[in-house]
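J.: from the sequence below, what's the structure:
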Amino acid sequence: MARRPHSTSPERPAKRMKMDRLTPDDYRNGIFLAPMVRSGALPTRLFALKHGASLVWGPEIVDKAILHAKRVVDPDTGIISYNGKSRSIYQCSPVEKPYLIYQIGSADPELAVQAAKVVMHDVSGIDLNCGCPKPFSTHAGMGAALLSTPDLLCSILRALREAMPPEIAVSCKIRLLSTQEETLALVGKIIETGISALTVHCRTRSMRDRDAAMIERLKEIVDFVKASGKDIAVVENGDCKGYDDAKRIREMTGCDSVMIARAAESNPSCFSPTPLVDVEKTLYPAYIRVAKYVNNPWPLTKFCVGQFKGAHIETSKKGTLRQGGGYRRRMDE
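T.: Have a look, this model is predicted:
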């Protein structure tokens, strides 16, 4: 197989963190890419890093899924794929490893540890998903269901911290509970598990994206964690629109960093103070080049670019791009 031209490879981020391990300080003063199903694909993460993201979360992968996957390395690009029976479950790159957080879906300490050990050489941190309210995550007691079983939640975090080598950070992502008192009680238990960072999605389990995030509730949580004396970074998630908005949220709440989801889905260069604004001439072609280089599955690439704000896509049924008077999506595909 001929080697792909080097010029198409995604650039390494200009800002480099130390390579030995992530510490709570690495979770501070940053803007992060949130874990997103499908939208958090490898090209999106590389694109986000190039445009200013400090750390990137991959999409949640359930523990049992990764345990049955086969690890394959592309000899030309170094891209690592964890393959299931019919498709790739998870892709990652050595370029992103110092900044990559693997989010795990689990409701079992032993399975969580086994799954983390499978991927720990390809990532820098393990994050337990305790916030996703979707049925595919909660049906087996995972995701936001863990908010109702705090002892189990904390036992998974403790098991991960005890089993992982010191160079692998452990963190978790939660949602607000119905009352502030309940939330602080849960946070109080979580911060005793040895984690490096806690992300708080400022919505409750019953709230959806159309509901405004209750960012004002975070300040008390931040003050509570700081008062505990624990060296744990607190990260806000919910309704951040980009670089400038992240500054506003940090000033408002005192949080250490901010995590972006929907705005990054619409424009993965939103982490920059000067994001790409011309979707068709700059954002779209640049993203496609990265996706092609890492051999991202075409249906997944098409889905991701279809989320770009202002993007219109036209493709052939073989997945080739067409450009003529703009991009338009074929509704029959």
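
J.: can we go C-alpha only for contacts and neighbour counts from here?
T.: Will do.

J.: for the stretch 51-200 of the chain, just list every one of the strands.
T.: Ranges of strands within the stretch 51-200 of the chain are 55-57, 61-62, 70-73, 80-83, 88-92, 100-105, 125-130, 169-176, 197-204, based on DSSP state E, counting those that start in this stretch.

J.: between the last one and strand 169-176, how big is the angle?
T.: This points to strand 197-204. Interaxial angle, strand 197-204 versus strand 169-176 (axes from the mean of the first three to the mean of the last three Cα atoms, to 10 degrees): 10 degrees.

J.: what's the angle from strand 197-204 to strand 125-130?
T.: Orientation of strand 197-204 against strand 125-130 (the same axes, to 10 degrees) gives an angle of 30 degrees.

J.: elements contacting strand 197-204?
T.: With contacts taken as 3 or more Cα pairs under 8 Å, 6 or more residues apart in numbering; DSSP states H and E, strand 197-204 sits against strand 169-176, strand 233-237.

J.: ok, and what's touching the lowest-mean-pLDDT helix or strand in the chain?
T.: When the helices and strands of the chain are scored by mean pLDDT, DSSP states H and E, helix 135-138 comes last with a mean of 84. Around helix 135-138, the neighbours that count as contacts under Cα atoms under 8 Å, 6 or more residues apart in numbering are Gly105, Cys132, Gly143, Ala144, Ala145.

J.: lowest-confidence entry in those residues?
T.: The pLDDT minimum for those sits at Cys132, where the score is 89.

J.: from Arg21, how far off is that one?
T.: Taking Cα to Cα, to the nearest Å as the criterion, Cys132 is separated from Arg21 by 27 Å.

J.: just the element for Leu46, please.
T.: Using DSSP states H and E, Leu46 sits in helix 42-50.

J.: what's that helix in contact with?
T.: 10-14, 33, 55-58, 91-93, 96, 264, 268-271, 287, 290-291, 294, 296, 304.

J.: give me the neighbour count for Leu152.
T.: By other Cα atoms under 10 Å, 16 other residues sit near Leu152.

J.: check contacts around it.
T.: Counting by Cα under 8 Å, 6+ apart, Leu152 touches Ala107, Asp108, Leu146.

J.: tell me, how many residues neighbour Ala227?
T.: Ala227 has 9 neighbouring residues, counting by other Cα under 10 Å.

J.: before we move on, back to that, of the helices and strands packed on strand 197-204, which is nearest Met252?
T.: strand 233-237 (10.9 Å; Cα to Cα).

J.: report all helices and strands that the closest one contacts.
T.: Looks like strand 233-237 contacts strand 197-204, helix 218-227, strand 257-260 (3+ Cα pairs under 8 Å, 6+ apart).

J.: can you name the next helix or strand after it?
T.: Sequence order places helix 243-253 as the next helix or strand after strand 233-237, per DSSP H and E.

J.: what comes up buried for that next one?
T.: Buried residues in helix 243-253, defined by neighbour count with 16 or more other Cα atoms under 10 Å: Tyr243, Ala246, Lys247, Ile249, Arg250, Thr253.

J.: which regions of this protein sit below the pLDDT cut-off?
T.: Along the chain, segments meeting pLDDT under 70 span 1-20, 310-333.
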